[in-house]
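Engineer: Got a sequence here, can you build the structure:
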Amino acid sequence: MMFRRLSDEQNQLYNLIDELLWCEWDPIGVNDYPDARDEYQSYTPQIFSLAIKGASREDIAQKLLQIETEMMGLVGNVKKNNELATKMVEATKTLVLTHQELYNTGISLEEELAVNQFGRDIHGVENLLRSFSQMPEVRKREYLNYLADLIWQYKPLEADIEQAIINTSLKPTYTPCVVLRTHRLKIGLNQLVKLPLNELDRVYRLMLNLFKQAYQRRLKKERS
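Structural biologist: Have a look, this model is predicted:
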């Protein structure tokens, strides 16, 4: 599953790469077990990012081999990796005519993939927070507008607000928490983006965890 901002063709490519890793790559031999379906999904964004940037067959095959040997401690299957990389490159050419065919939201593909990985519990929040804190104000507000739209797309519940506040370890008396509790989701998300600059890092932390609540629920529903 990818996000709204990718084109239909890019979504198709992402899902195809995910399927290839599960059905054909499967270096540790677990694809007979449905409960292990997410075993390789932490690698999907990495391979997709290479493909969408126009990486060569050799580059993608080398990345697959690196994952096998350095991260899994396996010997690696050079032949299979080359075959899969060829399929991925051809699919990229067929499905995506131009690299980085993104809608104009001011958010890079790398940033979008990072949020995806946080939502999936693949990576923690520290790098996201560090990157956001270094952005100029205009970029921060663009990012938060994007994130607000994304949260709404995943149909959050009002009950998610309290859990998100707990997960962020923010004091309930902090302005972003008060705003969200007071105005609830539909109005509150828009109000958060308008808060003063000195509140935006807290806003980002809160919105990330609100997104994660809704995203995790969607994943569980789809897997069941």
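Engineer: longest helix of the chain?
Structural biologist: Taking DSSP state H as the criterion, the chain has its longest helix at helix 200-223.
Engineer: buried stuff in that helix?
Structural biologist: 200, 202-215, 219 (16 or more other Cβ atoms under 10 Å). For the C-beta atoms, the positions are set from N, CA and C on the backbone; glycine is no exception.
Engineer: Return the closest of those residues with respect to M88.
Structural biologist: For the buried residues of helix 200-223, the minimum distance to M88 (Cβ to Cβ) is 23.6 Å, reached by L219.
Engineer: quick one, domains of this protein?
Structural biologist: The chain breaks down by automatic domain parsing into domains covering 8-95, 128-223.
Engineer: Now these in a markdown table, please, with extra columns for mean pLDDT.
Structural biologist: As requested, the domains of the chain are exported to a markdown table (pLDDT from 0 to 100):
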| stretch | mean pLDDT |
| --- | --- |
| domain 8-95 | 91 |
| domain 128-223 | 91 |
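Engineer: In CSV, list these along with distance to L113.
Structural biologist: Below are those laid out as CSV (distance: least, Cβ to Cβ, whole Å):
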stretch, distance to L113
domain 8-95, 4
domain 128-223, 11
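Engineer: Out of these, flag the one nearest A114.
Structural biologist: The nearest among these, by Cβ to Cβ, is domain 128-223 at 5.9 Å.
Engineer: Tell me which residue lies nearest the centroid of the chain.
Structural biologist: N116 (1.2 Å; Cα atoms, centre = their mean).
Engineer: Which secondary structure state is assigned to that residue?
Structural biologist: helix (DSSP: H, G, I helix; E, B strand; the rest coil).
Engineer: Could you tell me how far it is located from L21?
Structural biologist: 15 Å (Cβ to Cβ, to the nearest Å).
Engineer: One more: E83?
Structural biologist: With Cβ to Cβ as the criterion, E83 and L21 are 13 Å apart.
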